[in-house]
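Colleague: Sequence and computational prediction follow.
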Amino acid sequence: MATTINKQRLMSQLLATAPKSAGDGGAARPVLEQFIYALCREGATREQADRAYAHLQERFFDWNEVRVSSVRELEEAFAGMSNPEVRAQRLIALLQEVFETTFSFDLEGLQKKGLKQAAKQLGRYQAANEHSVAWVVQRSLGGHAIPLDAPTLRCARRLGLADGDEAEVRASLEHLVPKSKGPAFIDQISQVAGEHCWEDEPNCPACPLSGDCATAHENGVEVAAGPARRPKPR
């Protein structure tokens, strides 16, 4: 496990390499739209999520048309992403439940509730999980939460930023990462996970964080100057 000093150095290096757009979340989105984007973003890069979300907006007239569409139709939006069928099913389930409970596609009423109550209500939706709730809390409700999916959780553990189960890692990162840097941290660690820290055969030599990465050191990875990137294996 990395020392506190090493963790802070890793954090500084991670955020220093982030593009200016990291953490801006794109255009400001209402709560429901942010929830939908979270379903796109989980287990995906920002580019993949942006593409899927844009497809939903351009292909369908409104969220009601998405709600009454078939899983197969919605899978097209998630082409090239993991579990497209499951993503489509969760999206339909979310929109159906929101419509049945509010008779609209509007969750802005959560802004008037306390943060804890709003998060609790979000978590009651069948399509919700820890990642989607934390994402909405961080990006729309002004709370301090770190949304972790499988790639970012794997990367955080390998870097030595935190260990333990998912809840312990999230708690550690919420303590380590300043609230104002939370979105940028998630965007950047997600990018590292997508470009280098793959589940199988991670490309450690090309990773900009290899010099301080606990796993790279344990595996005796030598960081070459100016390493050439190779395509991600499929």
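Modeller: Nice, I can see it. Numbers count the residues shown, from 1 in each chain.

Colleague: hey, where'd the strands end up in this protein?
Modeller: Shown for the chain, no strands are assigned by DSSP state E.

Colleague: Please report how far residue 16 lies from residue 9.
Modeller: Distance from residue 16 to residue 9, counting by C-beta to C-beta, to the nearest Å: 10 Å. To be clear about C-beta, it is placed using only N, CA and C from the backbone, and glycine gets the same treatment.

Colleague: Residue 29: neighbouring residues, count only.
Modeller: Other residues lying near residue 29 total 17 when counted by other C-beta atoms under 10 Å.

Colleague: Chain neighbours aside, what residue packs nearest to it?
Modeller: residue 37 (6.2 Å; C-beta to C-beta, 6 or more residues apart in numbering).

Colleague: residues touching that neighbour, list them.
Modeller: Contacts for residue 37 were tallied using C-beta atoms under 8 Å, 6 or more residues apart in numbering; they are 29, 49, 53, 135.

Colleague: at 10 Å what do you get?
Modeller: Each residue near residue 37 by C-beta atoms under 10 Å, 6 or more residues apart in numbering is listed here: 25-26, 29, 49-50, 52-53, 56, 132, 135-136, 139-140.

Colleague: Selection in PyMOL covering whichever of those residues are buried, please.
Modeller: Selecting in PyMOL just the buried members of the contacts of residue 37, where the criterion is 16 or more other C-beta atoms under 10 Å, is done with this command:
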select buried, resi 25+29+49+52+53+56+132+135+136+139+140
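
Colleague: what stretches of this structure score poorly on pLDDT?
Modeller: Applying pLDDT under 70 to the predicted model, the residue ranges of the chain that meet it are 1-2, 18-27, 222-234.

Colleague: can you list the domains in it?
Modeller: As recorded under automatic domain parsing, the domains making up the chain are 4-22+146-218, 31-139.

Colleague: gap between the two ends of the last one?
Modeller: From its first residue to its last, domain 31-139 covers 9 Å (C-alpha to C-alpha, to the nearest Å).
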